[in-house]
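> Show me how the following folds:
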Amino acid sequence: MKVDGACLCGEVSFEAEVDPRLVFVCHCTDCQTHSGSAFRTIAVSERDTFRLLSGEVREYLKRAESGAQRALGFCPSCGTALYGGPGPGERGPLSLRTGVLQQRGSLRPVAQLWCRSAQGWLDELGTLPRVDEQSG
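Numbering: from 1, shown residues only. Just a heads-up that it's a prediction; the model follows:
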């Protein structure tokens, strides 16, 4: 599936191909910290399908629990997280952050990862009052 995305300020835009069968919710503590939320949703993309359309991506290198380096791509202007991928000189797919994709509503997660780190209150979300938009 072809997807396109952009950062919050619009400086960085890109397109890529993803497999809708490879969309996951990740509960690892790195994703919680980097997203500023309880989890992150990702769609797997082969690196050779990722094409930058505008702007420049900056990468932060992070050592994963496995010891491998992970490159976390983000917009240098607004800080929007765009992807995670293998470190320099390593091969492997990118994990696109679905929140930046125009097609995010069509990318339903098929599994949850790193559930040992999941926040215990997530199961209660369905019982909380819902408000369609924030006022004020």
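
> Could you check the pLDDT of Ala38?
The score at Ala38 is 94. That number is its pLDDT.

> what about it, how many neighbours?
Here the count is done by other C-beta atoms under 10 Å, and Ala38 has 15 residues near it. Bear in mind the C-beta positions are built from the backbone N, C-alpha and C, glycine included.

> how close does the residue nearest the centre of the chain get to Gln112?
In the chain, the centroid-proximal residue (C-alpha atoms, centre = their mean) is Arg97; its distance is 2.0 Å. Distance, Arg97 to Gln112, using C-beta to C-beta, to the nearest Å: 16 Å.

> Could you do Tyr83 as well?
In terms of C-beta to C-beta, Tyr83 sits 19 Å off from Gln112.

> neighbour-wise, which of these two wins?
Just comparing Tyr83 and Gln112: by other C-beta under 10 Å the higher neighbour count belongs to Tyr83, 24 against 14.

> Show me what the more buried one bridges to in the sheet.
Listed by DSSP bridges, the beta-bridge partners for Tyr83 are Gly73, Leu96.

> ends of stretch 10-30, how far apart?
With C-alpha to C-alpha, to the nearest Å as the measure, stretch 10-30 spans 25 Å from end to end.

> Show me how far that stretch is from its chain's centre.
Computed by C-alpha atoms, centre = their mean, to the nearest Å, the chain-centroid distance of stretch 10-30 equals 4 Å.
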